[in-house]
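K.L.:
sequence and predicted model, in that order:
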Amino acid sequence: MILTDSGECWFHRRNPCMNGMKKELDYFRIGNALGWNQDWFQDWSMYDGGCAAVTACDLCIYLARQKGMKAFYPYQADNPNRTDYLAFSVIMKQYLHPSWQGIDTLEQYLSGLSAYWKHSGADTLKADGLHGTVLWEEAAGQIKERIDDGILVPFLLLYHKNKIFKDIQWHWFNLAGYEKFEDEFYVKAVTYGDFRWLNLRELWNTGYQKKGGIIRIYA
């Protein structure tokens with residue numbers, strides 16, 4: 001499910017009178033971009049495979065800005081810029097280092113993120129993973145709960161049989177909002193400095209046995 005040229009989700013465009021439940025988090029900007037754009041990296045390993053580190057960097061900046069957890073980001077969280085973010089990404093790369101197959105499990109991500117939190121001296125947060133083997137309805141409930149609590153949700157998508165998702169396969173991105181209708185649930189996915197609204201039922205049911213999932217953070 002992708003956005004139209006006007007930036008709308010096609011579902012909303014075709015159903016403008018449908019009432020739903022919606023919440024979006026206040027994601028930070030760097031210039032005109034929403035969060036960091038992975039294409040800005042000059043380090044090839046981060047340009048090509050730094051998506052896990054980007055979601056973690058964005059998450060830590062968000063927590064510093066919105067939750068007052070200043071130890072997570074050693075720069076000015078109220079005014080993120082490219083220079084500071086690049087320096088921060090060098091730190092985060094030590095914990096979520098790109099490899100030839102990427103950070104392709106929730107456990108790898110949690111291990112690296114927890115290690116960075118310990119390094120920062122602010123390791124009181126709890127986090128766990130919800131694997132893509134559960135029903136999409138359970139995932140929707142968990143995503144809604146985290147976003148209602150004001151927490152971004154890192155999402156790992158591995159291979160997907162629906163070509164709509166081909167440009168975000170084998171990729172980490174953050175969920176920063178949801179919109180719920182009677183029988184549908186959409187998520188706001190932030191990646192490459194932009195966002196798109198995705199139908200969670202379609203996104204979650206990849207058609208492959210090996211699946212990703214979400215990271216649940218409790219703050």
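P.N.:
It's in. What you see is a predicted model; the values in this text were computed from it and never measured. Numbering: from 1, shown residues only.
K.L.:
look through this structure and tell me its longest strand.
P.N.:
strand 171-180 (DSSP state E).
K.L.:
from the contact counts, what lies against the helix or strand following it?
P.N.:
Per DSSP states H and E, strand 171-180 leads on to strand 185-191 as the next helix or strand towards the C-terminus. Strand 185-191 sits against helix 136-148, strand 171-180, strand 194-199, helix 200-204, with contacts defined as 3 or more CB pairs under 8 Å, 6 or more residues apart in numbering; DSSP states H and E. Heads up, the C-betas are built off the backbone N, CA and C, glycines and all.
K.L.:
quick one, which of those is nearest to residue 212?
P.N.:
Smallest distance to residue 212 across the helices and strands packed on strand 185-191 (CB to CB): 8.4 Å, for strand 171-180.
K.L.:
average pLDDT for the closest one?
P.N.:
Throughout strand 171-180, pLDDT has a mean value of 97.
K.L.:
between it and strand 194-199, how many degrees?
P.N.:
Counting by axes from the mean of the first three to the mean of the last three CA atoms, to 10 degrees, strand 171-180 lies at 60 degrees to strand 194-199.
K.L.:
wait, isn't residue 131 in contact with residue 213?
P.N.:
Yes: proximity of residue 131 to residue 213 meets the contact threshold set by CB atoms under 8 Å, at 4.3 Å.
K.L.:
name the residues that touch the longest strand of the chain?
P.N.:
12, 20-25, 27, 35, 51-52, 54-55, 58-59, 103, 109, 140, 143-144, 147, 152-157, 185-191, 195, 197, 214 (CB atoms under 8 Å, 6 or more residues apart in numbering).
K.L.:
the same query, at a cut-off of 6 Å, please.
P.N.:
20-25, 27, 51-52, 55, 58, 143-144, 147, 152-157, 186-191 (CB atoms under 6 Å, 6 or more residues apart in numbering).
K.L.:
residue contacts, residue 151?
P.N.:
Residue 151 touches 217, 219, counting by CB under 6 Å, 6+ apart.
K.L.:
what strand or helix carries it?
P.N.:
Under the criterion DSSP H and E, no helix or strand holds residue 151.
K.L.:
from residue 186, how far out is it?
P.N.:
Here residue 151 is placed at a distance of 18 Å from residue 186 (CB to CB, to the nearest Å).
K.L.:
next one: residue 67
P.N.:
Between residue 67 and residue 186 the distance is 25 Å, computed by CB to CB.
K.L.:
which one's more surrounded, those two?
P.N.:
More neighbours surround residue 186 than the other of residue 67 and residue 186, with 25 against 13 (other CB atoms under 10 Å).
K.L.:
helices of the protein, start to end?
P.N.:
Along the chain, counting by DSSP state H, helices occupy 10-14, 44-49, 51-66, 82-93, 106-120, 136-148, 200-204.
K.L.:
can I have the last one written out in CSV, keeping just the CAs?
P.N.:
The reference is to helix 200-204. Output of helix 200-204 as CSV, limited to C-alpha atoms (Å, rounded to 0.1, in the frame of the first residue of the first chain):
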residue,chain,number,x,y,z
LEU,A,200,-0.7,-3.9,8.2
ARG,A,201,-2.6,-7.0,7.2
GLU,A,202,-0.9,-7.0,3.8
LEU,A,203,2.5,-5.9,5.3
TRP,A,204,2.5,-8.6,8.0
